[in-house]
Every structure is written in structure tokens, then in C-alpha cells.
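> my questions concern the predicted model and sequence given below.
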Amino acid sequence: MKKTRSIFAILAAAMVFSLTATAQTSLTSTTGSKVDIEGQKGKVVVLAIGASWLPLSGKQAEYTNALAKKYAGKNVLIYFVATDSTSAKSKNFASNDDLTAFATKNKLTVPILRDSDGAATLKKFEVDQVPSFVVLDKNGKISGSPFGGIDPKFDVTVPISKEIDKLL
């Protein structure tokens, strides 16, 4: 009987883990709406994962805007995913008003989604550095590897565009 309970416990834990690992990632925008970033069936999704306090975030916003302009009117959705903390006690805290000010200052033209401390997106998409870009195919699965780091002397929109173009 104990063996049977143990087996059931292990199977239940495995099912919970597999559901968690494949669960869709839902993030909240700065306006309060929920966005299921993996549930945008039929659309390519680009995630610009960054933080308002990073020195290269302005350059990332520039690249994000360039991609948004290039793919306007196509089956491509682009989001800026802010990993700024939602905890006022954190040194990396940013309120929604702070993120809106960041967007205004950098003329960011895409919706901002919140992922406090990057827990959902960094782990889910195996991003090892911020800022990064992640491209999801029309089924919500990651396409290729994340485009990590930003070199102001290298236009990262070129390889990201190649990835998007092959998915359209």
C-alpha cells in the first residue's frame, strides 16, 4: 500500500511539473491587461527583455522601435518585457509610472509587459543576460536562441529580422 501511494505521489508530482514546464506565460501590461505571450497563435512574437535601469535600455528601445516599424501590419507582435522589480524594497524597483516615463523618454512604441525580476521569461526562454531579444514562432515556441546583450556598434535587428522573416 505504501509503495502504491509513493508511486501515485511521484506520478502526481511529475504531472504538476510537466504542466508547469509547458504552462503558457501570461504577463501584465503597465495598463493592467493580461497578455498570454505564448498564446498569440498565428503570429510571430518578439520579446525585448530588459529593464529601465540598464544603461543599454535606450539602445534596446531604439532597436525595438525599428523592428516594430519594419513589421507593422504584418503578423508580428512586439513587446518590451520589463524585468524591473515590483517590490518597493528592491533597489531595481520601478513603478508602472516609472516604466511609462522610461517609454516616453525612449519613444518606445510597443506595449510594456511586467515580469518582476524576470522570473517567468528569463527561465522559460533560457535567457542568460539582459537586455535580450527572444523570437517566438506562430505556435508560441521559441525560435532559435535568444539574442543576448547589446553592442551599440552592431545592429542586432539584422539577425532578429532574419529569424522573423523565416517564420513569416
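Yes, it's here. Numbering: from 1, shown residues only.
> what residue lies at the spatial centre of this protein?
With distances taken as Cα atoms, centre = their mean, L47 lies nearest the centre of the chain, 4.2 Å away.
> quick check, it in a strand?
Yes. Using DSSP: H, G, I helix; E, B strand; the rest coil, the assignment for L47 is a strand.
> so, low pLDDT: which residues of this structure?
Applying pLDDT under 70 to the chain flags residues 1-24.
> please enumerate the helices of this structure.
Listed in chain order, the helices of the chain (DSSP state H) span 2-22, 57-70, 96-105, 119-124, 157-167.
> what's around the closest residue to K138 other than its chain neighbours, how many residues?
Leaving aside its chain neighbours, K138 sits nearest to G42 (5.3 Å; criterion: Cβ to Cβ, 6 or more residues apart in numbering). Just so you know, the C-beta spots here come from the backbone N, C-alpha and C atoms, and that holds for glycine as well. Neighbourhood size, G42 [other Cβ atoms under 10 Å]: 7.
> end to end, how far does stretch 119-135 reach?
By Cα to Cα, to the nearest Å, the extent of stretch 119-135 from end to end equals 18 Å.
> kindly apply the preceding question to stretch 126-142 instead.
Across stretch 126-142, the terminal residues are separated by 10 Å (Cα to Cα).
> equivalent analysis for stretch 40-59, please.
The first and final residues of stretch 40-59 sit 26 Å from each other (Cα to Cα).
> all set, thanks.
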